[in-house]
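# Generate coordinates for the sequence data below:
(2 chains)
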Amino acid sequence: MDILLQPWPWYVSGPLFSVVMLLLVYFGKTFGMSSNLRTLCSIAGGAKYADFFKFDWKAQRWNLTVVLGAIIGGYIAVTFLSDGSTMNLNEQTITDLEAFGFSGIGDNLLPDEIYSWEAVLSAKGMVIIIIAGFLVGFGTRYAGGCTSGHAITGLSNLQLPSLLAVFGFFIGGLVMTHLLLPLIFR
Amino acid sequence: MMKFIKFLLVGIFFGIVLVKSEAVSWYRIFEMFKFQAFHMYGIIGSAVLLGIGFIWTLKRANIKSIEGEPIHLPPKQKSFARYILGGSIFGLGWALAGACPGPMYVLLGTGVFSMIIVIAAAVLGTFVYGLVKNRLPH
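You can find the predicted model right below:
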């Protein structure tokens, strides 16, 4: 039971992600979480503004069901399957984040400096998370998929476009982490 | 209704694995882009290696889906610009938010309700993409 409550090592969780993909493919679908953002636009009446949102969103209800499950899964994992221990991050990572003025690094899954209500409700904090979300939503649809659709499913299917997309993910991620984050957090 | 149960269960499983692997953690994404830990590379690498085996086997053995249809993964459009440009934009957001579209929902479930703002912004981003799509290089 202790093993279940501790963080799961990469060699356990990585293969379990491919099991998720395998199940969805076996169910006649595919593994792609960002498609749900387009579905949400369509449900909200996006078809009035762009043909891109004119599709039968009801055919995507299965994927929204996966989202609902993922939310429940998140709740179950932190409520019943966690021992509340601090994350085992690299020492250098902690030092680098302390230089940003972060504290309590790894106490929770997310930094309070970005996601606490105090941070979110400040002008700067609000701008940060809105821009972050916007870039994810815009970029993932432009690239035609995100980590699940390209990095896991696309690469597993040996699709060259997915390799290009993952390459793009890293260009953006490296620029943000190495050049922009130090400017954003002092 | 019954056919939705299996998707709900897969979603729950996905959410649990995302939390227990710490792949939903902003810190792990930062650490990954800093090349300071093998953790995320191990997760994605092992998922892809096993995934290649799974997909290859499904195709090779001509296994039908639960609906009796042949296994079909939608092919991606041939392009260079959209993957590099779109991918880079996504990467900027991924490293800033520390969450991609799956973890966003999972984190909401873990009780981080400020995530709803990120999700709303992501929906807006997708909406704006839909508006300007035809003017972008694909």
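# Any idea which residue is closest to the centre of the chain?
All of this is about chain A. For chain A, A:T147 is the residue whose C-alpha lies nearest the centre (CA atoms, centre = their mean; 7.5 Å).
# nope, chain B please
Per CA atoms, centre = their mean, the C-alpha nearest to the average position across chain B is that of B:G102, at 5.5 Å.
# That residue contacts B:V10, doesn't it?
No. Under the criterion of CB atoms under 8 Å, B:G102 lies out of contact with B:V10, with a separation of 12.0 Å. Glycine gets a C-beta too; all of them are placed from N, C-alpha and C.
# And the helices in chain A?
Assigned helices in chain A, in chain order: A:2-5, A:10-26, A:35-43, A:61-80, A:91-99, A:112-115, A:117-120, A:123-143, A:155-156, A:160-175, A:181-184 (criterion: DSSP state H).
# Next, format these as a markdown table and append distance to chain B and mean neighbour count.
Converted to a markdown table, these look like this (distance: least, CB to the nearest CB, whole Å; neighbours: other CB atoms under 10 Å in any protein chain shown):
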| stretch | distance to chain B | mean neighbour count |
| --- | --- | --- |
| helix A:2-5 | 8 | 10 |
| helix A:10-26 | 3 | 21 |
| helix A:35-43 | 4 | 22 |
| helix A:61-80 | 2 | 21 |
| helix A:91-99 | 5 | 15 |
| helix A:112-115 | 5 | 20 |
| helix A:117-120 | 4 | 14 |
| helix A:123-143 | 3 | 23 |
| helix A:155-156 | 3 | 24 |
| helix A:160-175 | 2 | 21 |
| helix A:181-184 | 7 | 13 |
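# who are the neighbours in contact with B:V128?
By CB atoms under 8 Å, 6 or more residues apart in numbering or on different chains, the residues touching B:V128 are A:F134, A:F138.
# Does A:L97 touch A:D107 like I think?
No. With contact taken as CB under 8 Å, A:L97 and A:D107 are classed as non-touching, separated by 12.0 Å.
# Need the overlap of contacts for the two.
Common neighbours of A:L97 and A:D107, counting by CB under 8 Å, 6+ apart, are absent.
# quick one: contacts for B:M115?
A:Y115, B:A99, B:M104, B:L107, B:L108.
# Which ones among those map onto helices?
By the criterion of DSSP H, membership of those in helices covers A:Y115, B:M104, B:L107, B:L108.
# got a winner among the residues you listed for most neighbours?
Per-residue neighbour counts (other CB atoms under 10 Å in any protein chain shown) across these peak at B:L107, which has 32 neighbours.
# follow-up on the earlier one: want to throw the helices of chain A into TSV with mean pLDDT?
Formatted as TSV, the entries for these read as follows, by pLDDT from 0 to 100:
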stretch	mean pLDDT
helix A:2-5	87
helix A:10-26	97
helix A:35-43	97
helix A:61-80	97
helix A:91-99	97
helix A:112-115	98
helix A:117-120	97
helix A:123-143	98
helix A:155-156	96
helix A:160-175	98
helix A:181-184	97
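# Out of those, the one nearest B:K76 is which?
Evaluated over these, closeness to B:K76 peaks at helix A:160-175, with 3.8 Å, by CB to CB.
# Check which helices and strands that closest one sits against.
Contact partners of helix A:160-175 among helices and strands, from 3 or more CB pairs under 8 Å, 6 or more residues apart in numbering or on different chains; DSSP states H and E: helix A:123-143, helix A:155-156, helix B:26-33, helix B:81-97.
# Can you check what angle separates that helix from helix B:26-33?
Helix A:160-175 and helix B:26-33 meet at an angle of 100 degrees, taking axes from the mean of the first three to the mean of the last three CA atoms, to 10 degrees as the criterion.
# relative to helix A:123-143, how tilted is helix A:160-175?
Angle, helix A:160-175 to helix A:123-143, by the same axes, to 10 degrees: 160 degrees.
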